[in-house]
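**Student:** need coordinates for the below:
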Amino acid sequence: MTRPIVDIVRDDVTRDNESGKSVRTFIKAVGERVRHARQHKGLSRRAVSELSGVSQRYLAQLESGDGNISIALLYSVARALGHRVDWFVGDDDPLGSETAELVRLVRAANPEQRKQVKDILDEADAGSTRGRRICLIGVRGAGKSTLGARVGDALSIPFVELNSEIESQSGMLVDEVIALYGQEGFRRLERQALERMVSTTDEVIVAVAGGIVSEPEAYEFLLCNFYTIWLKASSEEHMNRVRAQGDHRPMAGNPAAMEELQSILRNREALYAKADRTVDTSKKSVEESLREVLGAIDEMGIRLNEIAWEPAGSTPASSHRNFPREL
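**Tutor:** Model prediction:
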């Protein structure tokens, strides 16, 4: 049914009246802040008038809440009083707001102090999206599989090799996926596996392939949704550990393999360094490295609880046994 025209007009008038009240309230608040700022600095209206080029009469109207000040004039008054325009028009009371005080302190801080504050706040905010998901990154041979399994044991949480998850979902070995679909196809499945994990669990420890850091979108997704720990080691230890596992492919028919590995480590170092924590596993036993990883998890303030989630490709924590003494 069509509303009577009188009701429509009445509603319009009501909205106009409410809008007018809001504007008057806003102007009054700005005026009070101008007066407080002037009095705090011990300035007379005449002094502010001379500094800003705004007449004393207009300043009096502004402070009383009667002045409909323009942005240009408010900018001049703000500069004369040593404040930014947002000090006068922000939602928070600049004289009693904790937020306003924090903003003031951050603006006065040096770059290093600002970075420390940002890191703390970023880490606190990240907790809402990361849940209790932990990811181990690093070049092959750093100890991701061994330490991931041991951390799963220690904390009673599922440990997942992302490559195993990809194989389970695709029905093919990783080498077959790459041969059939190429690196681009593999990276697409890798990203999908991560997204499934994020959507289905809040608590897991996962080991990912070292090359994921070279895929900007996938790596950014990882950093935003997982607490990350970079497991690093020297190039010699990376190579020796891979060979100790019985895999001689990195060296087979490739005398420059060590040089290539060193190049990979150099090129990825800045990317790996974006991780929340770094644990150097060089010349350390599994137990020593395990303690450091658990310490890093504790430092990040992650509170873990045992859950029953079992993703495809995961290995129950209780089944991990007989690990080598050295990574």
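
**Student:** so residue 279 makes contact with residue 292?
**Tutor:** Yes - counting by C-beta atoms under 8 Å, residue 279 touches residue 292, with 4.7 Å between them. Where C-beta positions appear, they are placed from N, C-alpha and C, glycine not excepted.

**Student:** which one of the two has more residues nearby?
**Tutor:** Shown here are residue 279 and residue 292; by other C-beta atoms under 10 Å, residue 279 has more neighbours (25 against 19).

**Student:** can you give me the pLDDT of the more buried one?
**Tutor:** The score at residue 279 is 93. That number is its pLDDT.

**Student:** that's a helix at it, yeah?
**Tutor:** No - the assignment for residue 279 (DSSP: H, G, I helix; E, B strand; the rest coil) gives strand, which keeps it out of a helix.

**Student:** can you tell me which residues contact it?
**Tutor:** With contacts defined as C-beta atoms under 8 Å, 6 or more residues apart in numbering, residue 279 is in contact with 229, 230, 231, 232, 289, 292, 293, 296.

**Student:** which one of those sits closest to residue 43?
**Tutor:** Of all these, residue 296 has the smallest distance to residue 43: 53.5 Å, by C-beta to C-beta.

**Student:** hang on, that closest one packs against residue 229?
**Tutor:** Yes - under the criterion of C-beta under 8 Å, residue 296 is in contact with residue 229, at a separation of 5.5 Å.

**Student:** how many neighbours does residue 133 have?
**Tutor:** Using other C-beta under 10 Å, residue 133 is surrounded by 22 other residues.

**Student:** so it: helix, strand or coil?
**Tutor:** In three-state terms, and counting by three-state DSSP, residue 133 is strand.

**Student:** which residues in the stretch 151-300 of the chain form helices?
**Tutor:** Listed in chain order, the helices of the stretch 151-300 of the chain (DSSP state H, counting those that start in this stretch) span residues 162-170, 174-200, 216-225, 235-244, 257-272, 286-299.

**Student:** those: which one's closest to residue 208?
**Tutor:** Using C-beta to C-beta as the criterion, the shortest distance between residue 208 and those is 4.6 Å, found for helix 162-170.

**Student:** that closest one packs against which elements?
**Tutor:** Secondary-structure packing of helix 162-170 (3 or more C-beta pairs under 8 Å, 6 or more residues apart in numbering; DSSP states H and E): helix 174-200.

**Student:** quick check: buried residues in the helix it packs on?
**Tutor:** Of all the residues in helix 174-200, those buried under the rule 16 or more other C-beta atoms under 10 Å are 174, 177, 178, 186, 187, 189, 190, 191, 193, 194, 197, 198.

**Student:** now, among those, which is nearest to residue 37?
**Tutor:** Top of the list for closeness to residue 37, among the buried residues of helix 174-200 and by C-beta to C-beta, is residue 198 at 47.6 Å.

**Student:** tell me how far the spatially closest residue to the closest one that is not a sequence neighbour lies from residue 276.
**Tutor:** By the measure of C-beta to C-beta, 6 or more residues apart in numbering, the closest residue to residue 198 outside its immediate chain neighbours is residue 225, 4.8 Å from it. According to C-beta to C-beta, to the nearest Å, residue 225 and residue 276 sit 12 Å apart.

**Student:** these two: which is more packed in?
**Tutor:** More neighbours sit around residue 276 than around the other of residue 225 and residue 276, counting by other C-beta under 10 Å; the figures are 22 against 19.

**Student:** list the contacts of the more buried one.
**Tutor:** Residue 276 makes contacts with 123, 227, 228, 229, 296, 300, as judged by C-beta under 8 Å, 6+ apart.
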